[in-house]
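Trainee: please work out how this folds:
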Amino acid sequence: MAGDYEDVTRFALSDEREATLLAKQTECVFMWSTAEGDPVGVVMNFVFDRGRFWLTASGQRKRFAALQRRPRAGVAVSSRGTDIGISQSITYVGSVVIHDDADTKAWFYRALAARVRPESAERQAAFVAHLDTPRRLVVEVVPERRIGFDSEAMFAGDAAGPSRTQL
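Mentor: Below you'll find the model as predicted:
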């Protein structure tokens, strides 16, 4: 019933809306746990390809030592900042594979550049050059579980929903 928001599992994000969200959004929150068990998350650009998330950072970052000890991570994606116009989100939890090979890096750098610098081939080439550093690694997150949420479904016909200017 409208107005009962205690159990939001019935407002799951459809497969179609999930695909649209992953195609339009370029940023996610990437999450892992420290040696002390503390949760940590950072905002990162991503590529979603072959059912997996792909991200990159310098291998000297502490997250890589943590991921080598515990190869598990989370990825959260929100529709905020896109032209979707409604609040959607999805969170994935899965296993991690760390790549250091030239073929994966070459493919991924070009794919990421195309997503975050779509305005020109020149800007993409410059971004690839920016990424191509000696200690850079590529993280692949293989999703095993997902939690999706669609606020349009939750607020359908409810006056408590956001106004068009808030969407």
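
Trainee: how about the longest helix that the chain contains: buried residues?
Mentor: Criterion DSSP state H: the longest helix present in the chain is helix 102-116. By neighbour count on 16 or more other Cβ atoms under 10 Å, the buried set for helix 102-116 is 104-105, 107-110, 112-113, 115. (Each C-beta comes from the backbone N, C-alpha and C, glycine too.)

Trainee: against which helices or strands is that helix packed?
Mentor: Using 3 or more Cβ pairs under 8 Å, 6 or more residues apart in numbering; DSSP states H and E, the elements in contact with helix 102-116 are strand 39-45, strand 47-49, strand 52-58, helix 121-131, strand 136-150.

Trainee: pLDDT of stretch 29-39, averaged?
Mentor: The pLDDT scores in stretch 29-39 average 94.

Trainee: quick check: end-to-end length of that stretch?
Mentor: End-to-end distance for stretch 29-39: 12 Å, by Cα to Cα, to the nearest Å.

Trainee: centre of the chain versus that stretch, how much separation?
Mentor: How far stretch 29-39 lies from its chain's middle: 16 Å, per Cα atoms, centre = their mean, to the nearest Å.

Trainee: ok, the buried residues of helix 102-116 vs Pro143, which is closest?
Mentor: Nearest to Pro143 out of the buried residues of helix 102-116 is Phe108 (Cβ to Cβ; 17.2 Å).

Trainee: so where does the nearest residue to Phe48 once chain neighbours are set aside fall, helix or strand?
Mentor: Residue nearest to Phe48 in three dimensions, not counting chain neighbours: Leu22, with 4.4 Å by Cβ to Cβ, 6 or more residues apart in numbering. If you go by DSSP states H and E, Leu22 is part of helix 15-24.

Trainee: CA atoms of that helix as CSV?
Mentor: This file holds the C-alpha atoms of helix 15-24, laid out as CSV (Å, rounded to 0.1, in the frame of the first residue of the first chain):
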residue,chain,number,x,y,z
ASP,A,15,16.4,-5.3,-15.2
GLU,A,16,15.6,-2.8,-17.9
ARG,A,17,16.1,0.2,-15.5
GLU,A,18,19.2,-1.4,-14.1
ALA,A,19,20.7,-1.6,-17.6
THR,A,20,19.8,2.0,-18.3
LEU,A,21,21.3,3.2,-15.0
LEU,A,22,24.6,1.3,-15.7
ALA,A,23,24.8,2.7,-19.2
LYS,A,24,24.2,6.3,-18.1
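
Trainee: and it, average pLDDT?
Mentor: Per-residue scores along helix 15-24 average to 90.

Trainee: give the pairing partners of whatever helix or strand comes next after it; include direction for each.
Mentor: In the C-terminal direction, the helix or strand that comes right after helix 15-24 (DSSP H and E) is strand 27-33. Partners of strand 27-33 in the sheet, by DSSP bridges, are strand 39-45 (antiparallel), strand 72-78 (antiparallel).
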